[in-house]
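Asker: Okay, predicted coordinates and the sequence, questions at the end:
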Amino acid sequence: MPASKSAVPRGWIGGGSKTADPWKQFERYLDKEGLRATEERRVVLDVIVSRKGHFDAEELQQFLRRRRKPVSRATLYRTLDHLILAGLVKKHSFGRGHSQYEYVYGRKHHDHMVCDRCGRVIEFVNDRIESLQDQVCREHGFRATNHVMEIFGVCSECARADE
């Protein structure tokens, strides 16, 4: 999703969450890796927890800067990498040449539809699709550990604009 031109991008909510569970999970990961739980890492995680939807690193860095919580680009990217390894954030490319991220800790698995025109990302859950994937795996004696489904096409808003 392209960065919004408004003062606060769509999907961002102010303040950040103080929910302990994701921070505790992140602290356990950092401790296991021999890394410090720094204030910058906490700020990045708090803002990501407050995030609704997908975002890119540049959008996140601009938001932090506007909130007067600047974090260097290098620290931001390293923290995102650690959050991915800790199981709190997932990274997507959606075929658009740059990475987008989403907070996934405690969220149910879902798949994505991506508009080729505007870049809109629509999350969906379909139990029939999940069941069919499980069935195909069983038929092939395959044990799935994870999967990603991304459907590319044209969203309803862009299709209406064509009419």
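Answerer: Yep, that arrived.
Asker: OK, contacts around the most centrally placed residue in the chain?
Answerer: Taking C-alpha atoms, centre = their mean, the centroid of the chain lies closest to Glu102, which sits 0.8 Å from it. For Glu102, the set of contacting residues under the criterion of C-beta atoms under 8 Å, 6 or more residues apart in numbering consists of Arg51, Gly53, His54, Phe55, Val89, Lys90, His92. All C-beta atoms are positioned from the backbone trio N, CA, C, and that covers glycine.
Asker: tell me which element Gly87 falls in.
Answerer: For Gly87, there is no enclosing helix or strand under DSSP states H and E.
Asker: hmm, back to that, put the alpha carbons of the helix or strand hosting the residue nearest to the centre of the chain into PDB.
Answerer: Assigning secondary structure by DSSP H and E places Glu102 in strand 100-103. Taking only C-alpha atoms (Å, rounded to 0.1, in the frame of the first residue of the first chain), the coordinates of strand 100-103 have been written out as PDB:
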ATOM      1  CA  GLN A 100       5.600  -4.900   3.300                       C
ATOM      2  CA  TYR A 101       5.200  -6.200   6.900                       C
ATOM      3  CA  GLU A 102       2.300  -7.100   9.100                       C
ATOM      4  CA  TYR A 103       2.000  -7.800  12.800                       C
END
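Asker: Buried residues, whichever helix or strand comes after that strand. List them.
Answerer: Toward the C-terminus, strand 100-103 is succeeded by strand 111-115 as the next helix or strand (DSSP H and E). Burial within strand 111-115, assessed by neighbour count using 16 or more other C-beta atoms under 10 Å, is assigned to Asp111, His112, Met113, Val114, Cys115.
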